[in-house]
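**Student:** Sequence and computational prediction follow.
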Amino acid sequence: MSDNSRVRVSIVGVVIVALFASLFARLWFLQMGPDQKLGKVVSTLATRVIQTESPRGEILDRNGKVLAQDVAAWAVTVDRNLRASTRDRVLGQLAEVLQVKEKTLRANYDSVRQSPLQPAVVQLDVPLPAQLMIREHSEDYPGVNVVELTVRKYPYDGYGSQLLGYLGEVDALSKDQFKQLQAKGYRTGDLIGRDGVESAFESVLRGKPRRETVQVDPTGKQIGAPISVDPGTVGNNVKLTIDIKVQETAEKALAEGISAARGLKNEKITDHYETLKPTGGAVVVLNVHDGSVLAMASNPTYNLSEWVGGISPDNFALLSNPGAHNPLLNRATDGQYAPGSTFKLVPSAALTRYGVLSPSQYIDDTGTFRVGNTTFANDNHAINGPVDLQKALTVSSDIYFYEAGNQFWNSWKAGDTNRGLGIQAVASELGFGHSTGIEIGDASGRIPDPAWRAAYAKANYKTQDLINQYSVWYPGDNMNSAVGQGDDLVTPLQLANAYATFANGNTTHVGTVWTPHVDESVTDPMTKKTIKRYTRKARGTVQFGDAYGPMAAGFAGVVSDPKGTAFDAFRGLSLAGPIVAGKTGTAEVTGKGSTSVFASYFPADNPQYAVVGFVEEGGHGAQVAAPIVRQVIESISNLPITPIPTLKTGKD
Amino acid sequence: MAGITASLGRRRVGADTSVFAHLDLALLALPIAISSLGLLMIYDASRAETARAGLSRFYYVERQGAAIALGLIAMAAVMAIDYRRIREAWPLVYLGVLPLLAGVVILGRNHGGAQAWFQVGPFQFQPSEIAKVAIVVAIAGYCHQHRGDLDAWRVAVAIGLAGVVMAIVYAQHDLGTMLVIMVCAAAVLVIAGLKPVHIGVLLLLAASLVGAAVVTGKVQAYQLDRLTSFTNQSTSNLSAQQQTAAQFNLGASKSAIASGHFEGAGFGRGLQTRNGFVPEQHTDFIFTAVGEDLGFVGGAALLLLYALLAWRLWRISLLSSDFFGTLVAIGVLAMFAIQIFENVGMTMGIMPITGIPLPFMSYGGSAVIASFIAIGLVLNIHMRRFS
């Protein structure tokens, strides 16, 4: 080797020594030097807030029985960013451990109801052995986690479903609604009450969400433990006025009544034999002294548990199928029906108040009533003979009330609109034609009057001739109104509240219209202390005056007098139980079977509860609705339940 | 040749003893020790990634282990052949590597912005790694052939040999490897007796080439970004999203090393390593795992191992029985030194970010095998210095 080369090799050596020296020096200064903030560069990186919902408050019945609660459930999740081959292998392994079909897991993984950004929940309610298996062999299950989720549980699943309401993800709402909710702190995937109590008491039930501030790298991956944690708070409990025992009875009675009605002849069809085809019904039980709802049944119904974790498309299709008659509808608050003769409560009060007929005045019920060219008849063409107010109610004389309706019309025609629309005025006082103000919302119903008739004609007919023709307020319109037929529409809740109003005025003959409500109190889930107790709210009073006695006697006679329309349905109850007062109704519906209605309160001498039953296409009030109501009354009175008989015929 | 005569003069008794009696055990042990540490650190640095991808925790470790085994076999094979045969066959070595390099440009899979692989079964073979060693052998062989007679024309030929390979590697967008090859070729040429005036001309030429490349946009934006990010490191006022990927890499890398302090967080305890916070940590940024988990003690110890390795290579360049041996030892020394300095320097923010692996440490089969082959060559030179 030349000396020149040796020199150059030495120079290379020096260069390399210099390079290593600079590396050592840099390493020293980086790790041991004064500039120690470098090690904390991480903490100045991006942060993100992870928000998780706190457990939702419980819904309890008046006795503290849990109707809906959040409980912890162990779930298996699978990460979204696994390679396809790994994911397939993992799902196969999970199917074996969880003893479910791989197809099911895959369907859950692919379900559109799951967020594409979060790990997919492939199985809920995972048993402990499977949890342990997965946790102990975590390396065999890449991307798989066993996590604790809270899910809504319904100990009385299937009862009070429409009343309680289901939960849905906020994402399912419209864009505008979602935006408004975002401003209130809701995030994608959060649950919100979509109906009933869950919706009406959303702000009470929803807790303050847990918020974790975490550090993320540019790919959005979390680094280390959260920087700060706001643990949030659990939602408050809502205690309802509902008695789940009565609720259960009401729903079972309703279902039994509907089932029984399927075996009854549809008497509106005269040319051949056909049974009734009831499509649904409702029962409402109110405390007459404060408007609190003890039970609110609606049939057909569904199980709230179907909605937990998102309702399956199959179940949703079933619920929304027209053939299922809309199980999601709360018929107690939002079903609008012609009330039939149960509506006679209203003209009975109006007659006396406006001096149209004195309660003791007799009308000869000849079975028919003619106005102009039209003949109106009693149901079943019954001839009741001379009837006063009390008897007219007991035997359900339509003729008596046709007479009344006609006389009101005459006053109206003579220009006395105040007196002429007396029935409508009393109806409004009793709460018909507008919302009752219940927390869970309800339909307003409809009490027709000349103004409504004109507006309806204007809205539905095009030519002025037709509008003029259909704007006319005929005597028949007013007469139909008087007996709850024609264009009258009420909700079961409105009817129950009207009878409750009558019932609570039994000593003063002045009834108080209480706002129906389901809220008993809001309680703290931790301390169990009451945060806020509901106080009853009066919406107004109704003067019954001299009519009260005859009306009360008439309603009592419906059940107790052998000539009463519901005598058979309540036969024997008074031996052991309370004396019931009520009114049957058979509301004719064009093109359909009649609506079977029974409105009542009890005990007749000292009323506590008002109970109302409706069955769509259920025939006579006494046939189906009255026996349903009887079962509910028996349940409240702790008596044995009388099976619903299949009467061959019935009277209105 | 004075050098050869001197070596021959120092020939020991017992000429018939096996050449393996003169094996440089230190040079054999150092790469094995470093690659063993490499396996540990790859395990540590790849856990977050394997967990995320649903792979076995030992996925990268197993593959790297296989590469080390293959590298040792390749090294033994290289040592079995007398290096003087390799010296004579340098044109074959050179011509052998050219089609491989050209092949990847045509057939290579598109990966990470650079086309540089052959897919061989489950493994990727990266010819540019082998090309580094081949270019050292070729230029050393050429210069040995024309030793003492290296005029401007022959220098031009030697540069041409390196230039062709560099051009193909550049076509694979592998700027880092191209620069390594350039440094290796330059080191060999300088030792081979490049005249100072040639050195000056070459430096000017290189500078103007780089300038032209940047001005005409031949350098990819991400390459420029990587190269310049180390000059603009104060990013603490920027959020992670505002930083370029390269600045983020650098910040993460530096903070990982800095947080190791003197004794380190302990193996497997480093927060940023454990959470996979440093990108490419089991490959190019493996030194950050050493820095965070093993601290200054571990980092310095690793650098010391590399320094010992460099010393053995440098020593052999002086002991070599022929000029070729000297040149190859220097070429291999330059190859390792520039890679170590560039790689470790980049993780600490004193060198620009390029995709150059840390020899024997970084995950990457081709680089490991090529590195063992290079060591094999130098061991070969050392143990046959008396034969």
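**Tutor:** Ah, there it is.
**Student:** what's the single longest strand in chain A?
**Tutor:** Looking across chain A with DSSP state E, the single longest strand is strand A:66-78.
**Student:** can you give me the mean pLDDT across that one?
**Tutor:** Averaging pLDDT along strand A:66-78 gives 88.
**Student:** what's the angle from the very next helix or strand once past it to strand A:66-78?
**Tutor:** Per DSSP states H and E, the first helix or strand lying C-terminal to strand A:66-78 is helix A:84-98. Computed by axes from the mean of the first three to the mean of the last three CA atoms, to 10 degrees, the angle separating helix A:84-98 from strand A:66-78 equals 130 degrees.
**Student:** list the buried ones in helix A:84-98?
**Tutor:** A:Thr86, A:Arg87, A:Arg89, A:Val90, A:Leu91, A:Gln93, A:Leu94, A:Ala95, A:Val97, A:Leu98 (16 or more other CB atoms under 10 Å in any protein chain shown). In short, each C-beta sits where N, CA and C put it, glycine included.
**Student:** Average pLDDT for that helix, rounded please.
**Tutor:** Helix A:84-98 comes out at a mean pLDDT of 83.
**Student:** Put the alpha carbons of the helix or strand following that helix into PDB.
**Tutor:** Next helix or strand after helix A:84-98 toward the C-terminus (DSSP H and E): helix A:102-110. Output in PDB follows, covering the C-alpha atoms of helix A:102-110 (Å, rounded to 0.1, in the frame of the first residue of the first chain):
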ATOM      1  CA  GLU A 102     -70.800 -17.200  11.700                       C
ATOM      2  CA  LYS A 103     -73.400 -15.900   9.400                       C
ATOM      3  CA  THR A 104     -75.100 -14.100  12.300                       C
ATOM      4  CA  LEU A 105     -71.900 -12.500  13.500                       C
ATOM      5  CA  ARG A 106     -71.100 -11.400  10.000                       C
ATOM      6  CA  ALA A 107     -74.600  -9.900   9.600                       C
ATOM      7  CA  ASN A 108     -74.000  -8.000  12.800                       C
ATOM      8  CA  TYR A 109     -70.600  -6.900  11.700                       C
ATOM      9  CA  ASP A 110     -72.000  -5.600   8.400                       C
END
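**Student:** Check whether the next helix-or-strand element following helix A:102-110 comes near chain B.
**Tutor:** Per DSSP H and E, the first helix or strand lying C-terminal to helix A:102-110 is strand A:120-123. No: applying CB under 8 Å from any CB of the partner chain, one finds strand A:120-123 out of contact with chain B, separated by at least 14.3 Å.
**Student:** Flag the shaky bits of the chain, pLDDT-wise.
**Tutor:** No chain specified, so I'll use chain A. A:1, A:34-47, A:112-118, A:136, A:138-139, A:216-225, A:310, A:646-652 (pLDDT under 70).
**Student:** Sorry, I should have been clearer: chain B.
**Tutor:** Low-confidence segments of chain B (pLDDT under 70): B:1-17, B:52-54, B:107-117, B:119, B:121-122, B:217-248, B:275-276.
**Student:** if we go to 50?
**Tutor:** Filtered on pLDDT under 50, chain B yields the residue ranges B:1-11, B:13-14, B:109-114, B:235-242.
**Student:** just to revisit the earlier point, just the buried residues of the longest strand of chain A, please?
**Tutor:** A:Val66, A:Leu67, A:Ala68, A:Gln69, A:Asp70, A:Ala73, A:Trp74, A:Ala75, A:Val76, A:Thr77, A:Val78.
**Student:** so how far is A:Thr213 from the first one?
**Tutor:** When distance is defined by CB to CB, to the nearest Å, A:Val66 is 34 Å away from A:Thr213.
**Student:** Nearest residue to A:Lys65 in space, please, no chain neighbours.
**Tutor:** Closest residue in space to A:Lys65, ignoring its immediate chain neighbours: A:Ile244 at 5.2 Å, by CB to CB, 6 or more residues apart in numbering or on different chains.
**Student:** roughly how far apart are the one you found and chain B?
**Tutor:** 48 Å (CB to the nearest CB, to the nearest Å).
**Student:** Now do that residue against A:Leu495, distance only.
**Tutor:** Taking CB to CB, one finds A:Ile244 at 23 Å from A:Leu495.
**Student:** More neighbours: the two, which one.
**Tutor:** A:Leu495 (31 against 21; other CB atoms under 10 Å in any protein chain shown).
**Student:** Helix or strand for that one, just tell me which one.
**Tutor:** Taking DSSP H and E as the definition, one finds A:Leu495 inside helix A:492-504.
**Student:** The helix or strand hosting B:Val201: how far from the chain's middle?
**Tutor:** Secondary structure from DSSP H and E places B:Val201 in helix B:196-215. Its chain's average C-alpha position is 23 Å from that of helix B:196-215, according to CA atoms, centre = their mean, to the nearest Å.
**Student:** Okay, buried residues for it please.
**Tutor:** B:His198, B:Leu202.
**Student:** do stretch A:507-517 as well
**Tutor:** A:His509, A:Gly511, A:Thr512, A:Val513, A:Trp514, A:Thr515, A:Pro516, A:His517.
**Student:** Surely the second one touches A:Ala538?
**Tutor:** Pointing back at A:Gly511 there. No: between A:Gly511 and A:Ala538 there is no contact under CB atoms under 8 Å: 10.4 Å.
**Student:** And for whichever residue of the stretch 251-400 of chain A sits closest to chain B, the neighbour number?
**Tutor:** Residue of the stretch 251-400 of chain A nearest chain B, by CB to the nearest CB: A:Gly309 (25.2 Å). A:Gly309: 18 surrounding residues under other CB under 10 Å.
**Student:** give the contact list for the residue nearest to it when sequence neighbours are not counted.
**Tutor:** Nearest residue to A:Gly309 in three dimensions, chain neighbours excluded: A:Leu124, at 6.1 Å (CB to CB, 6+ apart). Contact partners of A:Leu124, counting by CB atoms under 8 Å, 6 or more residues apart in numbering or on different chains, are A:Ala73, A:Ala75, A:Leu149, A:Val151, A:Gly309.
**Student:** what does stretch A:365-380 rub up against?
**Tutor:** A:381-387, A:392, A:396-400, A:402-403, A:406, A:475-476, A:479, A:586, A:651-652.
**Student:** Give me the buried subset of those.
**Tutor:** A:382, A:384, A:387, A:392, A:396-400, A:402-403, A:406, A:475-476, A:479, A:586, A:651-652.
**Student:** Cross those residues against strands and list the overlap.
**Tutor:** Short answer: these in strands (DSSP E) are A:Val387, A:Thr586.
**Student:** helices or strands next to the host helix or strand of A:Tyr456 in the packing?
**Tutor:** Using DSSP H and E, A:Tyr456 maps to helix A:450-460. Under the contact criterion of 3 or more CB pairs under 8 Å, 6 or more residues apart in numbering or on different chains; DSSP states H and E, helix A:450-460 touches helix A:464-470.
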